[in-house]
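Colleague: Sequence below, structure please.
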Amino acid sequence: AVAFFFGSMSTLEGKPHEAMERIKSAYVPTIIRNWGVYFPTQIINFALVPHHLRFVVVSVVSLFWNTYLSAVNAQQQRTEAEHPVEKEA
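Modeller: Below you'll find the model as predicted:
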């Protein structure tokens, strides 16, 4: 899902040629942070949260996660704009 996010955002921004480079540079750090957020969230969610509120907990965490992804995407765009990647011949 993380790779799809960065690839689709590049395409929707009209820069499909930058998708692979964006995925390569952002995938590993983002997926590690994803694990750091969702593993503890789900452990706490299933251990402590009542059944009828579990969806709410995951939804709230997802809201903040999506905000984080948007910030990472914007930062990646700024980095690419400041340091354009040269195309291989």
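
Colleague: Listing request: residues of the protein with sub-threshold pLDDT.
Modeller: For the chain, applying pLDDT under 70 flags the ranges 80, 84-89.

Colleague: same thing but at 80, please
Modeller: Applying pLDDT under 80 to the chain flags residues 76-89.

Colleague: centroid residue for it?
Modeller: Residue closest to the average C-alpha location in the chain (Cα atoms, centre = their mean): residue 69, at 3.8 Å.

Colleague: Is it correct that that residue is in contact with residue 3?
Modeller: No: between residue 69 and residue 3 there is no contact under Cβ atoms under 8 Å: 11.9 Å. (Glycine included, C-beta is placed from N, CA and C.)

Colleague: Apart from its chain neighbours, what residue comes closest to the residue nearest to the centre of the chain?
Modeller: Excluding the flanking residues, the one nearest residue 69 by Cβ to Cβ, 6 or more residues apart in numbering is residue 5, at 5.9 Å.

Colleague: Compute the distance between residue 67 and residue 74, please.
Modeller: As judged by Cβ to Cβ, to the nearest Å, residue 67 and residue 74 stand 11 Å apart.

Colleague: contacting residues for residue 26?
Modeller: Applying Cβ atoms under 8 Å, 6 or more residues apart in numbering, we find residue 26 in contact with 2, 6, 72-73, 76.

Colleague: any chance of these in TSV, plus distance to residue 31 and neighbour count?
Modeller: Shown next, in TSV, are the contacts of residue 26 (distance: Cβ to Cβ, whole Å; neighbours: other Cβ atoms under 10 Å):
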residue	distance to residue 31	neighbour count
2	5	17
6	11	24
72	11	18
73	14	18
76	14	20
